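**Q** prediction below, plus the sequence it came from.
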Amino acid sequence: MTMTRAAASGRSFLGHSYNLVGVIASLVILAWTLIAIFAPYIIPHSIGDIVDDDYFGPMRQGLWLGSDYLGRDMLSRVLMGARYTVGISLAAVAISCFSGVVLGMIAAVTGGWLDTCLSRFLDAMNSIPSKLFGLVVVAAVGSSIPVLILTLAVIYIPGAYRFARALAVNINTMDFMTVARVRGESTIYLIGSEILPNIIRPVLADFGLRFVFIVLLLSGLSFLGLGLQPPLADWGALVRENIGGLPFAAPAVIVPSLAIASLTISVNLLIDNLPKKIRDRDA
Amino acid sequence: MKSGILNLVLKRLATTVVTLLIVLFAVFFATSMLPGDTASILLGQAATPEAVAGLREAMHLNDPAILRFLRWLFGLLHGDLGTSYANEMPVAKLIGGRFVNTMELAGITTLLSVPLALTLGITAAMLRGSIYDRTVTILSIGIISVPEFMVATLAVLVFAVYLRWLPALSSVNEAHSLTDLVRIYAMPVITLTFVISAQMIRMTRAAVIETLSTPYVEMALLKGASRSRMVLKHALPNALGPIVNAVALSLSYLVGGVIIVETIFNYPGIAKLMVDAVATRDLPLIQSCAMIFCLGYLLLITAADIIAIMSNPRLR
C-alpha cells in the first residue's frame, strides 16, 4: 500500500491523483466495456458461422485469433463473449449491491429485531459456498440469462449487506443523524440523504471487488457447463468448449482465458490504486 | 474472565447450529425446485400417467415440502442419506470412498500450502516494499484475480504439455507405486495449492504488517532490538491469532476450488460425484453432497471465528 501511494504521481483529475497502473487498468476496463457494447457491429463473422476448414486453427490473416473446435472464428466469439461476461456480471453486481446496500442501511438505521433477523438470515446465506449455491440453483431452474443474473446477484447480496451495514452503523452514531432523527425525518430520507453520501466511496470500491467475484463465479459456472448454453458463449464457456485444444496450446483456449484475466486483474489493480480517500474501507 | 470467552465461544457454536439448520433448509428447497417431475424422469417418456402417480406416491413426492424436509432431516440424524435415484444404491455407499478421496486431496493440499503460504506471507511482510515483496504480492493478486480453472489450465499447459512431467488426468485406481501416486495427485494438488496459498499469503502478510505498525513493535525498534528479534519476539506472537484465522478462512476456499479441480482433472471425489449428480438430477445424492460441502465450509469458518475470539487478548 505504501508502495502504491509513494508511486502515485501528480496526475490530477477531478481533484484526485492517479498513478500509471491505475490509468492503464481503467483503459483496459474501458476497452472491454466498449467492446461489450459494440460487439455485434464490429465482429467480422457471425458467431455461429463455420469459416475455417480446420479446427483449432492457428492465428493468421483473416482469422486473427485462429478458429475454435468447430472451425468458427475465435475473434468474433471472444468479442461477443465480452458482451455476455461483462453484461451479465454488471447486471448481477448492480442488483446485488443495490439490494445489499439498501438493506444494510435500513438495518443499521432501524436496528432492533429487523436488524437481527436480517443479519442472521443473510449470515446463514453467506455460509453456503458460492460455487455450490450456483451449482445447485442453476441446476435446479435451468440456466437462462435472467436466472444466471439473479442467482449471481443473490449469492453476493449478503456480502454487500454486511459491508454496507458495518459502514452505516458507524455513520449512524454521528451527531447529524441524531439531529435528523429529532427533526423527524423518514427512514428513506435518513438512508438516502444522510447515510448514503457518507459511505458511497467505499461502497463503490466494494462494487468493483464484487464485480470481480461475479465474473470469476460466472466463468467457473460456465466452465462447468452450467452457465450460458451453446451457441451463446461467455469467456468461461469458450474455455470449456475449446479445452480439447489445450494439448496443442491452441489460441482458442488461451485467448478467452487471457480475456478473463485481463478484465479481473485490471479491476483489482484499479481498486488497489484508487486514491486512498475513495478506497479506504474503514471510513 | 475465562467464563467470558467460554460464553462467546458457546454463543458462536449456537449460531453455527442455527446457521446449519437454515443452510440445510435452503439446500433442501433449492434441490426440490429441480425442474420436471422426478417420477416421470425416472420412468422415462413411455411411462403411463398411472405408473408416474404410483411412483410419486411411493416416493412421498406428494407430501408437503416441510414434511419431506423433516423426514430427510430425521434420516440424516440416523445416518440414512437416502437412496440414489440414478442407480438405486444407498447414497452413503456412493459417497463413502469418494469422501476419502476428497479428504486426501484436501489434506495433502493443506499440508503443502500452509507452510508455503506462511513462509511467503511473513517474509513478504518483513521485507515490505522490496522487490521480493512486490513479486509475491503481484503473483498472489494475479492468482486471486483469475478463475480456478485457469490456474488448472495453466498448470496442465506447463507441466503436462510443455514439460511432459505429469499426466493431465488423474485416476486413483491406477496407483501401483509411490511414483504413480505422486503423478496422480500432483496436478490437482498443485492447482489447489496455488489457489489456496494466494489467499493465505495476502491475509498473512496483511496481519503481520498490521502488527508491525503497532506502538509496542515501534518501541522494540526504538530500544534497539534487531530486526529479526523485533519480528519474531514482538510481532509474531501477537499476529498468531489473525494468522491462524487467515489460515482457516483460506482453507474454506478449498470447497469452491475442489469443485472445479475435481471436474477438470476427473478426480474421483465428492465434487465430481455432485457435478455428475446434477447432470442426472439425482436429488438425494445432490442434497447429501451439498450438505457435506456446507458442513465442511461451516466448520472451517466457525473454527476461524472461535480462534479469533480466543486469541483476542482483550477478552482473555
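**A** Arrived safely.

**Q** so where does the residue lying closest to B:Gln199 once chain neighbours are set aside fall, helix or strand?
**A** Leaving aside its sequence neighbours, B:Gln199 sits nearest to B:Ser250 (CB to CB, 6 or more residues apart in numbering or on different chains; 4.2 Å). (Glycine included, C-beta is placed from N, CA and C.) Per DSSP states H and E: B:Ser250 is located in helix B:236-251.

**Q** any buried residues in that helix, and which?
**A** B:236, B:238-239, B:241-251 (16 or more other CB atoms under 10 Å in any protein chain shown).

**Q** which pair in those residues spans the largest distance?
**A** Maximum pairwise distance among the buried residues of helix B:236-251 (CB to CB): 22.2 Å, between B:Asn238 and B:Leu251.

**Q** so what's the most centrally placed residue in chain B up against?
**A** Closest to where the C-alpha atoms of chain B average out (CA atoms, centre = their mean) is B:Val255, at 2.4 Å. Residues in contact with B:Val255 (CB atoms under 8 Å, 6 or more residues apart in numbering or on different chains) are A:Pro129, A:Lys131, A:Leu132, B:Phe293, B:Gly296, B:Tyr297.

**Q** and residue 269, what pLDDT?
**A** Using chain A here. At A:Leu269, the pLDDT value in this model is 83.

**Q** actually, chain B is the one I wanted.
**A** pLDDT, B:Gly269: 83.

**Q** burial of the closest residue to it other than its chain neighbours, as a residue count?
**A** Nearest in space to B:Gly269, with sequence neighbours left out and distances taken as CB to CB, 6+ apart, is B:Thr102 at 3.6 Å. Counted by other CB atoms under 10 Å in any protein chain shown, the residues lying close to B:Thr102 total 25.

**Q** what helix or strand does B:Thr102 sit in?
**A** Per DSSP H and E: helix B:91-126 holds B:Thr102.

**Q** that helix to helix B:236-251, inter-axis angle?
**A** Between helix B:91-126 and helix B:236-251, the angle comes out at 140 degrees (axes from the mean of the first three to the mean of the last three CA atoms, to 10 degrees).

**Q** show me what helix B:91-126 is packed up against.
**A** Packing contacts for helix B:91-126, counted by 3 or more CB pairs under 8 Å, 6 or more residues apart in numbering or on different chains; DSSP states H and E, involve helix B:131-145, helix B:178-212, helix B:236-251, helix B:253-265, helix B:270-280, helix B:283-310.

**Q** quick one: buried residues of that helix?
**A** Buried residues in helix B:91-126 (16+ other CB under 10 Å): B:91, B:94-95, B:98-99, B:101-102, B:105-106, B:108-110, B:112-114, B:116-118, B:120-126.

**Q** same check, this time on stretch A:211-222
**A** Applying 16+ other CB under 10 Å to stretch A:211-222 flags A:Phe211, A:Val212, A:Phe213, A:Ile214, A:Val215, A:Leu216, A:Leu217, A:Leu218, A:Ser219, A:Gly220, A:Leu221, A:Ser222 as buried.

**Q** next one: the third one from A:Ala39, what distance?
**A** Spelled out, that is A:Phe213. 24 Å (CB to CB, to the nearest Å).

**Q** can you give me the buried ones in stretch A:27-43?
**A** Buried, per 16+ other CB under 10 Å, within stretch A:27-43: A:Val28, A:Ile29, A:Trp32, A:Ile35, A:Ala36, A:Ala39, A:Ile43.

**Q** next: stretch A:170-189.
**A** Applying 16+ other CB under 10 Å to stretch A:170-189 flags A:Ile171, A:Asn172, A:Met177, A:Ala180 as buried.

**Q** next: stretch B:273-293.
**A** Buried residues in stretch B:273-293, counting neighbours by 16+ other CB under 10 Å, are found at B:273-275, B:277-278, B:281-293.

**Q** I appreciate the help and will end here.
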